[in-house]
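Q: for reference, the sequence and a predicted model appear below.
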Amino acid sequence: DVRETMADVVGVRRLVQELQTATNDQASDLHKMQRLRGEYAQLSQTLVSLTARVEHSAMLPLCDVAFVPGKLKHTNEVTVHLGDNIFAVRSAAQAADIITRRLEDLDQRIAHASGEIQGLERRLAQAMEVEQLFTDSLNEQFVDIREPLEEIPSGPKRADARPNDILRREQTAQGPRLPSIAESTTSSPASGSEGGSRESKRPMSRFKASRLKARGEMPTD
């Protein structure tokens, strides 16, 4: 049935959109975790190099854009963020151990996120294949009927125009035809009684009446 097929297509398309959204979210989280892991790895190397000397010259930040030259002392003392706005003073070795544990946790989370993305991509590919099958099945249930459109010429240039049509157009263009004086005075036969005929008198025009009056031939009623 066409309605059932259309409902299946709509459902599969909704599933494809949800899978695409979930895949994009997982990819975004994976990118953040990979960036955080790179920062932790760089910090671990910095902690190892700090304990090699007692003092280190460095550019100390005053704000996000201002730095001043200075020296780092007590390099074996590191303030570690434990979470929930809690900080603790630890040695460089202890801070390195904390970073190592966080790196291991990030590696597990990155591996899990990568597996989730691969599973979502497989489900997305299967859903797209099913969507294509339903779409092809729906298109096969419709028949495209096309007929050529023939242009019909307009105006007096038509080859199939009949003479009556041409005469009617000429009369229409010239306007209505007015009867002459002679036609207004003629009588027309009309059906009368059995076997006989009569003439119907029409009103005499003023021009005709004036001529008859001048001759003295004006008929009486």
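A: Nice, thanks for sending it over. Numbering: from 1, shown residues only.
Q: tell me if I am right that residue 134 is in a strand.
A: No: counting by DSSP: H, G, I helix; E, B strand; the rest coil, one finds residue 134 to be helix, located in no strand.
Q: let me know the pLDDT of it.
A: Residue 134 carries a pLDDT score of 74 in this model.
Q: what's the answer for residue 39, then?
A: Each residue has a pLDDT score; the one for residue 39 is 92.
Q: equivalent analysis for residue 207, please.
A: In the prediction, the pLDDT value recorded for residue 207 is 57.
Q: again, but for residue 66
A: In this prediction, residue 66 carries a pLDDT score of 90.
Q: how about it, phi and psi?
A: With angles defined as degrees, to the nearest 10, residue 66 sits at phi -120, psi 130.
Q: do the same with residue 60
A: In terms of degrees, to the nearest 10, the main-chain angles of residue 60 are phi -90, psi 130.
Q: from residue 48, how far out is it?
A: In this structure, residue 60 lies at 21 Å from residue 48, with C-beta to C-beta, to the nearest Å as the measure. Where you see a C-beta, it was placed from the backbone N, CA and C, and this is true even at glycine.
Q: try residue 88
A: In this structure, residue 88 lies at 20 Å from residue 48, with C-beta to C-beta as the measure.
Q: number of residues surrounding residue 47?
A: As a burial measure, residue 47 scores 19 neighbours (other C-beta atoms under 10 Å).
Q: which residues touch stretch 87-96?
A: Stretch 87-96 is contacted from outside by 44, 47-48, 50-51, 75-82, 98, using C-beta atoms under 8 Å, 6 or more residues apart in numbering.
Q: how about stretch 41-58?
A: When contacts are defined by C-beta under 8 Å, 6+ apart, stretch 41-58 is touched by residues 69-73, 75-76, 78, 92-93, 95-96, 99-100, 103.
Q: report the buried residues of that stretch.
A: Neighbour-count burial for stretch 41-58, with 16 or more other C-beta atoms under 10 Å as criterion, is recorded at 44, 47, 50.
Q: output the residues you listed as CSV; include the columns distance to residue 26, secondary structure and pLDDT.
A: Formatted as CSV, the buried residues of stretch 41-58 follow (distance: C-beta to C-beta, whole Å; DSSP: H, G, I helix; E, B strand; the rest coil; pLDDT from 0 to 100):
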residue, distance to residue 26, secondary structure, pLDDT
44, 27, helix, 89
47, 32, helix, 85
50, 36, helix, 79
